[in-house]
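>>> Kindly return the folded structure for what I paste below:
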Amino acid sequence: MTVNRADTAVVGGGIVGLAHALAAARRGDRVVLFERDDFAVGASIRNFGMIWSVGQQRGEVYERALRTREIWLEIAAKSGLWAAPTGSLHLAHHPDEVAVLEEFLAITPAARERGVRMITAAETRERSTTARTDGLLAAMWSPTELNVDPRLAIPAVARHLVTEYGVDIRFGTTVRGIGLPTVSTTEGDWHADRVYVCSGNDFATLYPEVFARSGLVRCKLQMMRTGAQPAGWQLGPMLCGGLTLLHYAAVDVGVWKGARGAPVGVEPPDHPG
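Model (predicted):
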């Protein structure tokens, strides 16, 4: 029986699998990627499409996020996918929100070096016609965020891998089992030196015992999508509340609350109601 061969095999055609396939192809590997569905249908196309550098943990993770941003821009330039450098605005209507943003800037020099800074309400209005600026004390402007349309971006990246790097992407192919170097699929066996399992929720099918011991809890991501806006209106910069960064690793919420003694309050909408 003929056995197909690759240097690297990737299981899963979402953004994590595509990223691993890209990295392997860039170092010169022969890459095959298996996706059990006819196209990606999981969390990779059910999200906001925010390339969100500013919220990432300071240090190596933040620098990696910025490199990821550059990769998105490179792929967009070659493939024509929409990747808008919208940046983000973090709106502070209360003193504790201003304190969070100022502390973030104080402890994140790498962000300051890339143009992240505090701006006034008047400057905020110049950058966004949508933001609610009545009572706005200040805002933090970050130029590093990109916006993509996940439903279009994921297939565009897959096509880019095929045309630019010759990656063998096999949609509609289920991986039944992995016993290195053999990868057993519904289209026959493959031999690969390295296998990256990036199958998201389907990890539980391939490795049920590992999943059972992991303590992981399944959840479903489904963002709300609006209808087409009149006259081609677009939001512009991503709009965030003044305490949004407390939900991300960019700010240590425990340390911040301990030092400030500040509860996380109820935030008003940051756009006209």
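
>>> Look up the pLDDT of the residue nearest the centre of the chain for me, please.
Residue closest to the mean C-alpha point of the chain, counted by Cα atoms, centre = their mean, is Ile51 at 5.0 Å. Here, the pLDDT recorded for Ile51 equals 94.

>>> Name the nearest residue to it, sequence neighbours excluded.
Computed as Cβ to Cβ, 6 or more residues apart in numbering, the closest residue to Ile51 that is not its neighbour in sequence is Leu146, at 3.7 Å. Backbone N, C-alpha and C define where each C-beta goes, glycine included.

>>> which residues does that neighbour contact?
Met50, Ile51, Arg69, Trp72, Leu73, Ala83, Ala84, Pro85, Thr86 (Cβ atoms under 8 Å, 6 or more residues apart in numbering).

>>> distance of the first one from Thr173?
Going back to what we said before, that points to Met50. Applying Cβ to Cβ, to the nearest Å, the value for Met50 to Thr173 is 30 Å.

>>> what about this structure, any weak spots by pLDDT?
Along the chain, segments meeting pLDDT under 70 span 1, 253-273.

>>> Tell me the bridge partners for Ile169.
Leu33 (DSSP bridges).

>>> correct me, but it touches Glu35?
Yes - using Cβ atoms under 8 Å, Ile169 is in contact with Glu35, at 7.1 Å.

>>> more crowded one of the two?
Glu35 (27 against 19; other Cβ atoms under 10 Å).

>>> For that one, give me phi and psi.
phi -130, psi 120 (degrees, to the nearest 10).

>>> show me the contacts for the nearest residue to it once chain neighbours are set aside.
Excluding its sequence neighbours, the residue lying closest to Glu35 (Cβ to Cβ, 6+ apart) is Gly13, at 3.0 Å. Going by Cβ under 8 Å, 6+ apart, Gly13 touches Leu33, Phe34, Glu35, Asp37, Phe39, Ala40, Ile154, Ala158, Ile169, Phe171.

>>> What's the local residue count around the closest residue to the second one other than its chain neighbours?
Spatial nearest neighbour of Phe34, chain neighbours left out: Thr173 (4.7 Å); criterion: Cβ to Cβ, 6+ apart. Burial of Thr173, expressed as a neighbour count using other Cβ under 10 Å, amounts to 19.

>>> okay, now Ala19: neighbour count?
Other residues close to Ala19 by other Cβ under 10 Å number 16.

>>> same check, this time on the one 5 residues further on
Applying other Cβ under 10 Å, we find 24 other residues in the vicinity of Ala24.

>>> Thr129 now?
Using other Cβ under 10 Å, Thr129 has 11 neighbouring residues.

>>> Just to check, it is in contact with Leu235?
No - contact status for Thr129 versus Leu235: not in contact, 9.6 Å apart, counting by Cβ under 8 Å.

>>> what's next to the longest helix anywhere in the chain, contact-wise?
Assignment by DSSP state H gives helix 60-79 as the longest helix of the chain. Contact partners of helix 60-79, identified using Cβ under 8 Å, 6+ apart, comprise 22, 51-53, 56, 81-83, 85, 108, 110-111, 114, 144, 146, 148, 156-157, 159-160, 164, 249-250.

>>> Enumerate the positions of it that are buried.
For helix 60-79, the neighbour count (16 or more other Cβ atoms under 10 Å) marks Tyr62, Ala65, Leu66, Thr68, Arg69, Trp72, Ile75, Ala76, Ser79 as buried.

>>> Take the contacts of Gly13 and write them to TSV, including distance to Ile178.
Below are those laid out as TSV (distance: Cβ to Cβ, whole Å):
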residue	distance to Ile178
Leu33	14
Phe34	10
Glu35	15
Asp37	19
Phe39	23
Ala40	20
Ile154	24
Ala158	22
Ile169	18
Phe171	19
